[in-house]
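Trainee: All I have is the shape, not the residue letters:
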Ligand SMILES: [Zn+2]
C-alpha cells in the first residue's frame, strides 16, 4: 500500500482545511520565519519574542516561473518529465514563501493570482511512497 | 589611505579547457598581468586570491597558495577570499586595501575557476538545515527558475516583453564578436534568441549565462608608484563590499518577511551606492558599467536599482540602443557573462580587466568612446556583493 511521506519532515502540518506551514513570528518586530526558528535575526529588533506560527492558507502570487527542463536531484521529478510552475507567494498572514503552483497548464499561473495552500505530490520514492509537499492552488 | 592604481591586466580566455588545471590557467593570466605592468614576480609583495568553489585550492579554497607555488614560493602573504560569485571582487577589495593602507606596495589579485557541466548547483549538500537543499527538495527551483521568476515580475510591473530580454542578449553577443577572450563570439538575431530552448519561462537558453572556465589577474600598486611607470595610470576611485540586508525582499531560503518596499539585491545596491559615495561621483559620471549579467534580466533591474535610470526606464534604454558601447549608458561592452559564461569566482577580475582596457582606450572595436569612469559590480551566494569604480 502506498503511503504519503513529506519531502522534508517538520515543515508542514496537515489539517482538515489543508496544510499549514510551520514557521515562527517575532512578537517584537513582526518578522516572519519559515522554517521555524528560535531566535529573531532582525538587527533592528530590540525586543525579540519568538512564537510558533502555522502560516496559511491563502495568499497572492508575487511572481512565478516555469521549470522547462528536468532539473537534477535533489529536485524530485517524475518520468516522463512534465514542466511545472513555481513561484513566490505572499501569504495573507505575512509570510513570503516559495512553492510549486498546482496547475495543469503551467502557463496559467499568473502574477497577482489568489492562491491557497494544498498538499501536492512531487513524485515517488524508492519504497513506492508518494512524496508530497505544500503547493499553491489558484482560487 | 593612499590612492591605488591598476598597473597590469591579464586574462586567460574563457571557454572549456579540460586539458589544463585552474592553476595553469591562472599562471597564464598572471604572466600577462605582470608583463603588462612591467613587474617581475619577485616584486609582488602579497597575493589576494578568489577562493574557487569547484577547482584547485587543495579543496580548501587555497587558490592563492596554488598560484604562489606555481609562480615560485617567495614566502609572501596570501589572502584567499571566499564570497561565492563575488569572490573575485572581494579579492580585489582586499588587494586594494592592502595597498591603500600602505601595508604592501605591489599586490597581485587573481581569480580562476573551472566549472563542472550544467547549471550551478549552489550548495550540493543534502542537509535539512541547508536552505538551498530545502528549496530544491520541497519546491524545485534552480537558479535559472529564480531569475525567471524575477523576470516575470518585471513583465507584470513594467510591461517588459520577450523581445526586450532578447535584445539584451543580441547586444551582448554583438559586443563579444570583438573580444578575443570571449567564449562565444557569434552574433544572434532576436528571432534566434527567442527560438533557443526555454530554460525557465520567460527566459531562453541564450538569455542565461552558461558556465565556463576562466582566469584573470591584475597587478595593483600605489598611484604614486604607477605614475613613475606610466603617464596616465588607471586609478581605483572606490572599491566596496556589502552584504544583504534583513529587509531584502528576495527570499534566501524557503520563506521570510514580506518587504515593505522594493528592496531587492540590497547587497549590490549598497556596494554600488557606497562606491559612488567613496568615489565622489554620481550615476551621471559613469561612462560604462560591467555588471553581473547571469541573465539578461539584471541589465534591466540593476541600472534602476542603483539610480542609473528611473524605474521602468531600462527597457526604453535597451530599445534605443543606449546600452551599446556608443550609447548613453554602455553596459557590458565586454560581451558580459552572456558571452563569456560564468567562471564564478574569476568574474570580478574579468570585470576589472575590461574596465582597465576600456579606460586605457585599448578595447578595439568594442571601445566605449573616450571612457573615463567605469563601474564594476559582482553578486554572490550568501548575500555578497562588491563594486569598484575605476577612472583615468
Ligand atoms: Zn524581531
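Mentor: Nice, I can see it. On a predicted model such as this, the values are computed, not experimentally measured, just so you know.
Trainee: so how far is chain A from residue B:17?
Mentor: 24 Å (CB to the nearest CB, to the nearest Å). Glycine gets a C-beta too; all of them are placed from N, C-alpha and C.
Trainee: Name the nearest residue to that residue, ignoring sequence neighbours.
Mentor: Excluding the flanking residues, the one nearest residue B:17 by CB to CB, 6 or more residues apart in numbering or on different chains is residue B:213, at 4.9 Å.
Trainee: tell me which element residue A:19 falls in.
Mentor: Secondary structure from DSSP states H and E places residue A:19 in strand A:18-26.
Trainee: Nearest residue to the residue in chain B that the ion sits nearest to in space, please, no chain neighbours.
Mentor: Closest residue of chain B to the ion, CB to the ion: residue B:246 (9.5 Å). In this structure, residue B:246 finds its nearest non-sequential neighbour in residue A:42, 5.2 Å apart by CB to CB, 6+ apart.
Trainee: Can you name the residues bridging to the residue nearest to residue B:17?
Mentor: Note on residue B:213: beta-bridge partners by DSSP bridges are residue B:15.
Trainee: what number of residues lie near it?
Mentor: Neighbour count for residue B:213, taken as other CB atoms under 10 Å in any protein chain shown: 24.
Trainee: That one contacts residue B:25, correct?
Mentor: Yes - between residue B:213 and residue B:25 there is a contact at 6.6 Å, judged by CB atoms under 8 Å.
Trainee: any shared contact partners between those two?
Mentor: Common neighbours of residue B:213 and residue B:25 (criterion: CB atoms under 8 Å, 6 or more residues apart in numbering or on different chains): B:17, B:114.
Trainee: just checking, the residue nearest to residue B:246 touches residue A:26?
Mentor: Yes - at 6.8 Å, residue A:42 counts as touching residue A:26 under the criterion of CB under 8 Å.
Trainee: Spit out the contact partners of the residue of chain A positioned farthest from its centre.
Mentor: The centre of chain A is farthest from one residue, residue A:46, which by CA atoms, centre = their mean lies 29.6 Å away. In this structure, residue A:46 makes contact with residue A:28, judged by CB under 8 Å, 6+ apart.
Trainee: what's the neighbour count on the closest residue to chain A within the stretch 251-392 of chain B?
Mentor: Using CB to the nearest CB, the single residue of the stretch 251-392 of chain B nearest to chain A is residue B:255, 3.4 Å away. Other residues near residue B:255 come to 26 when the count uses other CB under 10 Å.
Trainee: and it, bridged to which residues?
Mentor: Assigned bridge partners for residue B:255, using DSSP bridges, are residue A:34, residue A:97.
Trainee: Surely it is in contact with residue A:33?
Mentor: Yes - in this structure, residue B:255 is within contact of residue A:33 by CB under 8 Å, at 7.4 Å.
Trainee: Need the overlap of contacts for the two.
Mentor: Common contact partners of residue B:255 and residue A:33 (CB under 8 Å, 6+ apart): residue A:23.
Trainee: ok, what's across the strand from the closest residue to residue B:39 other than its chain neighbours?
Mentor: Computed as CB to CB, 6+ apart, the closest residue to residue B:39 that is not its neighbour in sequence is residue B:219, at 5.5 Å. Here residue B:219 sits in beta bridges with residue B:8, residue B:108, going by DSSP bridges.
Trainee: picking up where we left off before, now the strand holding residue A:19, how far from the centre of its chain.
Mentor: Relative to the centre of its chain, strand A:18-26 is centred 10 Å away, using CA atoms, centre = their mean, to the nearest Å.
Trainee: quick one: strands adjacent to that strand?
Mentor: For strand A:18-26, pairing defined by DSSP bridges yields strand A:12-15 (antiparallel), strand A:32-33 (antiparallel), strand A:50-55 (antiparallel).
Trainee: Can the next helix or strand after the longest one be said to contact chain B?
Mentor: Moving toward the C-terminus from strand A:50-55, the first helix or strand encountered (DSSP H and E) is strand A:58-67. Yes - Strand A:58-67 comes into contact with chain B when judged by CB under 8 Å from any CB of the partner chain, the residues involved being A:62, A:63, A:64, A:65, A:66, A:67.
Trainee: what sits against residue A:51?
Mentor: A:24, A:25, A:26, A:27.
Trainee: would you turn the residues you listed into CSV with distance to residue B:348, neighbour count and pLDDT?
Mentor: Converted to CSV, the contacts of residue A:51 look like this (distance: CB to CB, whole Å; neighbours: other CB atoms under 10 Å in any protein chain shown; pLDDT from 0 to 100):
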residue, distance to residue B:348, neighbour count, pLDDT
A:24, 36, 20, 98
A:25, 38, 23, 98
A:26, 36, 22, 98
A:27, 41, 13, 96
